[in-house]
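Engineer: Structure for the following, please:
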Amino acid sequence: MNLVRISAMWCPSCIKMNKYFKEIEEKYADLNITTYDLDMDQEDVKKYNVGNILPVIILFRGEKEIARLVGEKTIDQLVDFIERGKNL
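Structural biologist: Numbers count the residues shown, from 1 in each chain. Next comes the predicted model:
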């Protein structure tokens, strides 16, 4: 399973969630996480149809998007999102 995270350096919610992703990386070593910056990686971000609210977290199985979260979330919400994604 792959996780794509889209954030920005100026985004307070994204900055707050940075610490959560350190925990996620440790807990889910088998999860491939790719992080894009909305401003620095504009060409890559275009293909994900991101709106105005950040961060955007997308789970993929292969090339298929299976789930998406938008906006600030707690660590528990992120873990639940990933766990539910494993069962989709």
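Engineer: switch to C-alpha atoms for all contacts and neighbour counts from now on
Structural biologist: OK.
Engineer: Assumed residue 25 was part of a strand.
Structural biologist: No - Residue 25 is assigned helix when assessed by DSSP: H, G, I helix; E, B strand; the rest coil, not a strand.
Engineer: My guess is it contacts residue 31. True?
Structural biologist: Yes - judged on C-alpha atoms under 8 Å, residue 25 makes contact with residue 31 at a distance of 7.4 Å.
Engineer: What distance do you get for the residue nearest to residue 54 when sequence neighbours are not counted to residue 32?
Structural biologist: Closest residue to residue 54 apart from its sequence neighbours, by C-alpha to C-alpha, 6 or more residues apart in numbering: residue 71 at 5.1 Å. The gap separating residue 71 from residue 32 is 21 Å, by C-alpha to C-alpha, to the nearest Å.
Engineer: low-scoring stretches of the chain, by residue?
Structural biologist: Of all residues in the chain, none has pLDDT under 70.
Engineer: where do the strands sit along it?
Structural biologist: 2-7, 32-37, 56-61, 64-70 (DSSP state E).
Engineer: okay, the ones you listed in CSV with mean neighbour count and distance to residue 43 next?
Structural biologist: Converted to CSV, the strands of the chain look like this (neighbours: other C-alpha atoms under 10 Å; distance: least, C-alpha to C-alpha, whole Å):
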stretch, mean neighbour count, distance to residue 43
strand 2-7, 21, 12
strand 32-37, 15, 10
strand 56-61, 20, 16
strand 64-70, 15, 19
